[in-house]
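[1] Build me a model:
(one chain, ligands or ions: 1)
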Amino acid sequence: MTQLTAPAFPAPSTAPSTVPSTAPADALGGPWPASARPGPGGDVLVGGVGLAEAAERFGTPLYVLDEAEVRGRARAYRRALPHAEVLYAAKAFLCSAMADWVAEEGLGLDVCSSGELWLAASAGFPAQRILLHGNAKSPEELRLARRLRVGRIVIDGPAEIARLAALVAADTPQRVLVRVVPGIAAGHHAAVRTGVGGQKFGFPIEGGDAADAIARVLDQPGLELAGLHCHLGSQITEVEPYLQAVDALVRLLAEIRAQHGVELPELDLGGGHGIRYLPGDAELDVADFAVRVTDRLAVRCAEAGLEVPRLIVEPGRAVAGPAAVAVYRVLSVKHTADGHCFAAVDGGMSDNPRPALYGSPYSVRLVGRRSEAGAARVDVVGRHCEAGDVLVRDAVLPADLRPGDLLAVPATGAYQLSMASGYNLVGRPAVAAVKDGRARLLIRRETVEDFRLREVGR
Ligand SMILES: Cc1ncc(COP(=O)(O)O)c(C=O)c1O
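    So this is what the prediction gives:
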């Protein structure tokens, strides 16, 4: 293992076990939930629960979800945007408890499949506060959305206009938004930049596709066009792209009024709000976003002589991402002849595909024991059959890291579990909620029996 002289972030605490449990989360040197504290014996407390203690109780890999962090983030959006509608993007991570928390905090829900829709509806989420997305909604999905009476459906492609209109009687119209592509590039990776043309989502404004789709929707008596939608991309940390989107969408609203004599009452700017994954990362400042976007919308509408439409935003990552910590058990530590060190853990790309998909960085920390050893560079790798199954490349960890140790990865609440797979039949991890010093299991670990139960022939 390569010995280093200076760790990039504080090594696990070597203080006595009387470490005050009120030390700020920042002392941990990473994007931890606000409740995180150094705990006794090198542990870290989240929501008042020791991660090592939770790992002992529920096994590993374990995702520990801080309820207060989710609620606090939802509340911060409501406070910053009191006149807007805030919809939590379920694709970031959804389970019944999550649906309850965001509903209780006054948020709506953006779903993009019948699975997400069904889960939310069975959890009792008010259907009128649900918006259905998807670039390839099946007729069955649209039928389910109608049957459950979802508040809004976002029309994302040409085939959907007639498909949806055919399901709707003129006396019970469906409220819809049209997803447009404003031609603005933003986001951390090409795979998630959805604001530019030449891709599968939405109707480009440039070239007239958006205007044509809007005319077709307005022609359908069963479709009530409430407004425009756009989603620029993900992990956006600057407000500027959203201001450009406001400009483009208000221009289109003015054209719609000029052409059709209607003023649309809603404007949905999607999600994409960036969070911190590493200690020094930038994140989108939600309060700044709220003030500048709201101001810009008012100014552009005044210039165009339009009523200001109701703003809608759809944050997913910024609500769920910072609220979870993944805890893994180290299964092997390997030193190669060229001085490389690999610490292999009991999860990997099946519970967190983001590093393999996007090269996403994370921070990682030893929990559950103190180490007096110096720091070393370690690649924290998963247990899957691919060399690319690396969770954290070049992590700084204690040089005496060994099998049996626990590693905690913060900022793992969004697009890990929701993108988890059945690769190698390892099984998806358990999820435990923590709050006020108590932990409870939300989702049990997937077992081989779950895989076997799906088999119906041989
Ligand atoms: C239409 C739409 N809305 C909202 C979101 C949520 O994005 P984020 O989790 O980055 O806020 C996404 C993410 O892909 C999306 O496609």
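
[2] Helix or strand next in line after the longest strand seen in the chain, which one?
    Ordering each strand of the chain by length in residues (DSSP state E) puts strand 324-335 first. Reading on from strand 324-335 to the C-terminus, the next helix or strand found by DSSP states H and E is strand 341-345.

[3] sorry, back to before: sort out which residues of the longest strand of the chain are buried, please.
    A324, V325, A326, V327, Y328, R329, V330, V333 (16 or more other C-beta atoms under 10 Å). From N, CA and C alone the C-beta is placed, and that goes for glycine too.

[4] Would that strand count as contacting the ligand?
    No - with C-beta under 6 Å from any ligand atom as the criterion, the ligand is not reached by strand 324-335; the gap is at least 13.6 Å.

[5] related to what we said a few turns ago, which one of the buried residues of strand 324-335 sits closest to the ligand?
    The nearest member of the buried residues of strand 324-335 to the ligand, counting by C-beta to the nearest ligand atom, is A324 at 13.6 Å.

[6] Bridge partners for that closest one, pull those for me.
    Bridge pairing for A324 (DSSP bridges) gives the partners L65.

[7] residue contacts, it?
    Contact analysis of A324 by C-beta atoms under 8 Å, 6 or more residues apart in numbering lists Y63, V64, L65, D66, F93, A411, T412, G413, Q416, L417, V431.

[8] And it, how far from E266?
    Per C-beta to C-beta, to the nearest Å, A324 is found 31 Å from E266.

[9] Let me see the ranges of the helices in the stretch 1-150 of the chain.
    51-58, 67-80, 96-104, 114-122, 139-148 (DSSP state H, counting those that start in this stretch).

[10] export those helices to CSV and tack on mean pLDDT, mean neighbour count and distance to G29?
    Formatted as CSV, the helices of the stretch 1-150 of the chain follow (pLDDT from 0 to 100; neighbours: other C-beta atoms under 10 Å; distance: least, C-beta to C-beta, whole Å):
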stretch, mean pLDDT, mean neighbour count, distance to G29
helix 51-58, 98, 20, 15
helix 67-80, 98, 20, 18
helix 96-104, 98, 19, 27
helix 114-122, 98, 19, 35
helix 139-148, 96, 17, 44
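
[11] export those to JSON lines and tack on distance to G437?
    Listed next are these as JSON lines, based on distance: least, C-beta to C-beta, whole Å:
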{"stretch": "helix 51-58", "distance to G437": "11"}
{"stretch": "helix 67-80", "distance to G437": "11"}
{"stretch": "helix 96-104", "distance to G437": "17"}
{"stretch": "helix 114-122", "distance to G437": "28"}
{"stretch": "helix 139-148", "distance to G437": "37"}
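
[12] which one of the ones you listed lies closest to the ligand?
    Per C-beta to the nearest ligand atom, nearest to the ligand of the helices of the stretch 1-150 of the chain: helix 67-80, 10.9 Å.

[13] related to what we said a few turns ago, which ones among the contacts of A324 lie within strands?
    Y63, V64, L65, D66, V431.

[14] What is the nearest of the residues you listed to the ligand?
    Nearest to the ligand out of those is L65 (C-beta to the nearest ligand atom; 15.9 Å).

[15] correct me, but the closest one touches G321?
    No - contact between L65 and G321 fails when scored by C-beta atoms under 8 Å: they sit 11.1 Å apart.

[16] Quick check: neighbours shared by these two?
    With C-beta under 8 Å, 6+ apart as the test, L65 and G321 both reach G413.

[17] re the thing from before, and the two most separated of the ones in strands among the contacts of A324?
    Spanning the widest gap among those are D66 and V431, at 11.6 Å by C-beta to C-beta.

[18] Any part of stretch 351-365 near the ligand?
    No - judged by C-beta under 6 Å from any ligand atom, stretch 351-365 makes no contact with the ligand; its nearest approach is 12.0 Å.

[19] could I get that stretch in CSV with only the CA atoms?
    Coordinates of each C-alpha in stretch 351-365 appear next as CSV, following Å, rounded to 0.1, in the frame of the first residue of the first chain:
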residue,chain,number,x,y,z
ASP,A,351,-26.0,-1.1,-6.0
ASN,A,352,-24.2,2.0,-7.3
PRO,A,353,-23.7,2.0,-11.1
ARG,A,354,-22.9,5.8,-11.2
PRO,A,355,-19.1,5.5,-11.1
ALA,A,356,-19.1,3.0,-14.0
LEU,A,357,-21.7,4.9,-16.0
TYR,A,358,-20.6,8.5,-15.6
GLY,A,359,-17.2,8.2,-13.8
SER,A,360,-18.9,9.8,-10.8
PRO,A,361,-16.6,10.5,-7.8
TYR,A,362,-17.5,9.8,-4.2
SER,A,363,-15.7,10.2,-0.8
VAL,A,364,-15.4,7.2,1.5
ARG,A,365,-14.5,6.8,5.2
